[in-house]
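Chemist: Requesting a structural model of the entry that follows:
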Amino acid sequence: MPESRSLRLGVAGPVGTGKSSLIATVCRALSDELELGVVTNDIYTDEDARFLRSEGILGADRIRAVETGACPHTAIRDDVTPNLIEVETLEADYAAAGTPLDVVLVESGGDNLTATFSPALVDAQLFVLDVAGGGDVARKGGPGIARADLLVVNKTDLAPHVGVDVERMVADAAAARDGRPVLALSRTDPASVSRLAGWVRETLASHRSGEHTPVDPGPMAPHSHADGTIHSHRGSDGRPHAH
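Modeler: Numbers count the residues shown, from 1 in each chain. Just a heads-up that it's a prediction; the model follows:
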């Protein structure tokens, strides 16, 4: 694997579940030990990128923005080219500077329970719910809830204020995921932040060793790269294209 090739980690979930806050939390926890970059998605603005820069979690140039101009799932699944070019450019910039990135976090614009990343864009993905969205949302299912590499139940510190039983919500989520991991998270709870950081470290180690296999909840999107290479759903051998 080329030295410049980072772990590309997607963060998806409905509007307002705390995706940007989660990315900020990851960066605070890991920026002293890993080289990190971020690519955000918004439809018409660079609001999420500006928020993350204002938090001072990384150097401003490590946080890049894509204005999708369309529904968020379009840019992370249907045609990932703008995001993929931004990720590859970010990786190349820091590789050329002698500080290749370990992890690039790609934040989807807020969408719905059907939004997932194509593995043409990311190697692993988190799906984020929050307690304020209702304690029953994990039972409603969807590809992100069921098959993302990690499901995060976010903002657990708000549960007493919105009448949600976190343990029940996590149990419902676990039942929907057939053994895949679920993490209850509050950015104000050091133990849960430590568990999230540990999951990122473990996923990075698995990625580097070649043990991690990206999971696609649906068909892979056609896409092109910064060098102009174009790929469709399957290669000439009929097998799905992988990175």
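Chemist: Helices of this protein, start to end?
Modeler: Taking DSSP state H, the helices of the chain run over residues 19-30, 47-54, 72-73, 81-96, 143-147, 159-162, 166-176, 190-209.
Chemist: Next, format the ones you listed as CSV and append mean pLDDT, mean neighbour count and distance to residue 10.
Modeler: Where C-beta positions appear, they are placed from N, C-alpha and C, glycine not excepted. Below are these laid out as CSV (pLDDT from 0 to 100; neighbours: other CB atoms under 10 Å; distance: least, CB to CB, whole Å):
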stretch, mean pLDDT, mean neighbour count, distance to residue 10
helix 19-30, 97, 22, 10
helix 47-54, 94, 18, 14
helix 72-73, 76, 20, 12
helix 81-96, 96, 19, 9
helix 143-147, 90, 21, 10
helix 159-162, 96, 13, 26
helix 166-176, 96, 17, 18
helix 190-209, 97, 15, 12
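Chemist: Nearest to residue 116 among these would be which one?
Modeler: With CB to CB as the measure, helix 143-147 is the member of those nearest residue 116 (4.9 Å).
Chemist: to the chain's geometric centre, what's the distance from the closest one?
Modeler: The chain centroid and the centroid of helix 143-147 are separated by 13 Å, computed with CA atoms, centre = their mean, to the nearest Å.
Chemist: follow-up on the earlier one: just so I know, which of the helices of the chain lies nearest residue 105?
Modeler: Closest among these, using CB to CB: helix 19-30, at 5.1 Å.
Chemist: related to what we said a few turns ago, nearest to residue 6, of the helices of the chain?
Modeler: helix 81-96 (5.6 Å).
Chemist: Remind me what that closest one packs against, helices and strands.
Modeler: If contacts are counted by 3 or more CB pairs under 8 Å, 6 or more residues apart in numbering; DSSP states H and E, helix 81-96 sits against strand 36-42, strand 63-67, strand 103-107, strand 223-224.
Chemist: Please repeat the previous calculation with a cut-off of 10 Å.
Modeler: Judged by 3 or more CB pairs under 10 Å, 6 or more residues apart in numbering; DSSP states H and E, helix 81-96 is in contact with strand 7-12, strand 36-42, strand 63-67, strand 103-107, strand 223-224.
Chemist: Distance from the chain centre to the second one, please.
Modeler: Just to be clear, that refers to strand 36-42. Worked out by CA atoms, centre = their mean, strand 36-42 lies 9 Å from the chain centre.
Chemist: Mind listing the strands it pairs with, and their directions?
Modeler: Its sheet considered, strand 36-42 pairs with strand 63-67 (parallel), strand 103-107 (parallel) by DSSP bridges.
Chemist: Single out the most deeply packed of the ones you listed.
Modeler: strand 103-107 (a mean of 27; mean count of other CB atoms under 10 Å).
Chemist: Averaged pLDDT, that one. What do you get?
Modeler: The average of the pLDDT scores along strand 103-107 is 98.
Chemist: quick one: it to strand 7-12, angle?
Modeler: 20 degrees (axes from the mean of the first three to the mean of the last three CA atoms, to 10 degrees).
Chemist: and the angle from strand 103-107 to helix 190-209?
Modeler: Using the same axes, to 10 degrees: strand 103-107 against helix 190-209 is 110 degrees.
Chemist: pull the CA atoms of strand 103-107 into PDB?
Modeler: Output of strand 103-107 as PDB, limited to C-alpha atoms (Å, rounded to 0.1, in the frame of the first residue of the first chain):
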ATOM      1  CA  VAL A 103      -6.600   9.000   8.600                       C
ATOM      2  CA  VAL A 104      -8.900  11.200   6.500                       C
ATOM      3  CA  LEU A 105     -12.400  11.700   7.900                       C
ATOM      4  CA  VAL A 106     -15.100  12.300   5.300                       C
ATOM      5  CA  GLU A 107     -18.300  13.900   6.700                       C
END
